[in-house]
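# Whatever this is, show me its structure:
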Amino acid sequence: MPNIKVFGGSSHPDLVQKICDRLGIAPAKVVTKKFSNQETCVEIGESVRGEDVFIVQSGCGEVNDNLMELLIMINACKIASASRVTAVIPCFPYARQDKKDKSRAPISAKLVANMLSAAGADHIMTLDLHASQIQGFFDIPVDNLYAEPAVLKWIKENITEWRNCVIVSPDAGGAKRVTSIADRLNVEFALIHKERKKANEVASMVLVGDVQDKIAILVDDMADTCGTLCHAAEKLFEAEAAKVYAILTHGIFSGPAVSRIQNSAIEAVVVTTTIPQDEKMKQTSKIQCIDISMILGEAIRRTHNGESVSYLFSHVPM
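The predicted model follows:
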């Protein structure tokens, strides 16, 4: 593939390597380091003049450092005369701060969008945004890819009795996501209504739908401390579900998340590789991964060649 360079930030080198392997190219040379005062320093190691540049950086781990690193890399490539700079952000940082839900609350996702545009990004590529209207915060094209085709494939390959399952949303916000998956599997769906008293704490939960003697599959876009997830699983077992699986796009797993998963009755928590999970998988055998490098790799190839990306909304590339 001529005129293409794929750079990787320090957030997820394994994903960068897999994307480049799929494209049949080597990752472009870049050195990211910190000065002794913790300022981020980026050195682009090869010419990008007139090239189509893709910078892969996920919003995980040290979120603020990784975001700053991404902004500096975009700017460095832009002022080095790259023809187009695309930021590939598998897990978009600050996506949960997308609305003014109380007085004086910031809309930080909009701020991040402004920063990416100001740094010089021409195009954004991300996966399963927490709220799809975040695309409207940008004045540049945004491709919001979906993990749904990969999730459907995993369900059919790994859950033998998937025809006797119920797709469950742990909150009302994910209703659209679960109805779409349930329709494509031709199974029932259910919903858990929850009320929060404050962030990361759930006050009460009510199950809407029937899961008795069925396999319940909780589907959500992200899990952070896993309080909601384990709470929801308990609710499903109270309603006599046979087994409970959880499938998430972004497994953030901060704080007590891993021990909560290990101590819960959930069969498996399945996440995609938008965030590195190697350490977490060593701590519990319940966490499993769906590789999404082929989706991102194919999206990069299609974008570079000026082809349609919408095929990926309903198919997993081979």
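# all contacts plus neighbour counts: C-alpha atoms, from now on.
Fine.
# So what pairs up with residue 190 in the strands?
Under DSSP bridges, the beta-bridge partners of residue 190 are residue 168.
# so how many other residues sit close to it?
Neighbours of residue 190 under the rule other C-alpha atoms under 10 Å: 22.
# Same check on residue 242?
By the criterion of other C-alpha under 10 Å, residue 242 has 14 neighbours.
# List the contacts of it.
212-216 (C-alpha atoms under 8 Å, 6 or more residues apart in numbering).
# what does residue 266 give?
Applying C-alpha under 8 Å, 6+ apart to residue 266 gives the contacts 230, 233, 243-246.
# would you say residue 229 is within a strand?
No - the assignment for residue 229 (DSSP: H, G, I helix; E, B strand; the rest coil) gives helix, which keeps it out of a strand.
# I'd assumed residue 223 was in contact with it.
Yes - look at residue 229 against residue 223 with C-alpha atoms under 8 Å: they come within range, at 7.3 Å.
# Give me the more crowded residue out of those two.
With neighbours defined as other C-alpha under 10 Å, residue 229 and residue 223 compare such that residue 229 has more, 26 against 21.
# what sits against the more buried one?
Contact partners of residue 229, counting by C-alpha under 8 Å, 6+ apart, are 170, 218, 223, 246.
# could you measure it against residue 136, distance?
Separation of residue 229 from residue 136 (C-alpha to C-alpha, to the nearest Å): 29 Å.
# which residues touch residue 94?
108-109, 112.
# any idea where the strands of the stretch 1-150 of the chain begin and end?
Here the stretch 1-150 of the chain has its strands, by DSSP state E, counting those that start in this stretch, at 4-8, 30-34, 40-44, 52-56, 84-89, 123-127, 142-145.
# hang on, I meant the stretch 201-318 of the chain
201-208, 215-223, 243-251, 268-272, 287-290.
# export the ones you listed to JSON lines and tack on distance to residue 103?
Formatted as JSON lines, those follow (distance: least, C-alpha to C-alpha, whole Å):
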{"stretch": "strand 201-208", "distance to residue 103": "20"}
{"stretch": "strand 215-223", "distance to residue 103": "25"}
{"stretch": "strand 243-251", "distance to residue 103": "28"}
{"stretch": "strand 268-272", "distance to residue 103": "34"}
{"stretch": "strand 287-290", "distance to residue 103": "38"}
